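Visitor: One predicted model, sequence on top.
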Amino acid sequence: MPPKSTGRDLPPHMLRRVRTPKSGAVWVGYYYNGYDENGKRKEIPLGKDLNEAKRKWAEPECASAPVNSGLFKFIFDRYERDILPSKALCTQKENF
């Protein structure tokens, strides 16, 4: 399968649809590009919000959605666990 030409920031099988009606307002929607039980292509609407769409995307993909994906606590805990011990003691005190 060739790589995506658009929407490279999206997970696999996720599509972004952008529409501009006559009013000029830009509408953005996200869809799951999947297949039904007969093998026909089927787009499942995931919503307008990217974070919520990624959570809904994880359900048909059978992948677990990260619980703390939107929280900085997850990032800070990982920094404290993985990176901080490799730094000098003085730097550790300043960063912590």
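Guide: Here it is on my side, so go on.

Visitor: rest of the way, CA atoms for contacts and neighbours
Guide: Will do.

Visitor: Pairing partners for the host helix or strand of E43, with directions?
Guide: Following DSSP states H and E, the helix or strand that holds E43 is strand 41-47. Its sheet considered, strand 41-47 pairs with strand 27-35 (antiparallel) by DSSP bridges.

Visitor: Determine the next helix or strand in the C-terminal direction from the one helix or strand in the chain whose mean pLDDT sits lowest.
Guide: When the helices and strands of the chain are scored by mean pLDDT, DSSP states H and E, helix 72-78 comes last with a mean of 77. Per DSSP H and E, the first helix or strand lying C-terminal to helix 72-78 is helix 89-95.

Visitor: buried set for that following helix?
Guide: Buried residues in helix 89-95, counted by 16 or more other CA atoms under 10 Å: none are found.

Visitor: For that helix, what is the distance to the chain centroid?
Guide: Going by CA atoms, centre = their mean, to the nearest Å, the spacing between the C-alpha centre of helix 89-95 and its chain's C-alpha centre is 33 Å.

Visitor: Pull the residues that contact that helix.
Guide: The contact list for helix 89-95 (CA atoms under 8 Å, 6 or more residues apart in numbering) reads 84-85.

Visitor: Output it as CSV, restricted to C-alpha atoms.
Guide: Output of helix 89-95 as CSV, limited to C-alpha atoms (Å, rounded to 0.1, in the frame of the first residue of the first chain):
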residue,chain,number,x,y,z
LEU,A,89,23.0,15.7,40.7
CYS,A,90,23.0,19.5,40.6
THR,A,91,20.8,19.4,37.4
GLN,A,92,18.5,16.9,39.0
LYS,A,93,17.9,19.2,41.9
GLU,A,94,17.2,22.2,39.6
ASN,A,95,14.8,20.2,37.4
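
Visitor: quick one: average pLDDT of that helix?
Guide: Mean pLDDT, helix 89-95: 84.

Visitor: Could you check the angle the helix or strand containing K54 makes with strand 27-35?
Guide: Assigned by DSSP H and E, K54 belongs to helix 50-61. Orientation check (axes from the mean of the first three to the mean of the last three CA atoms, to 10 degrees): helix 50-61 against strand 27-35 gives 10 degrees.
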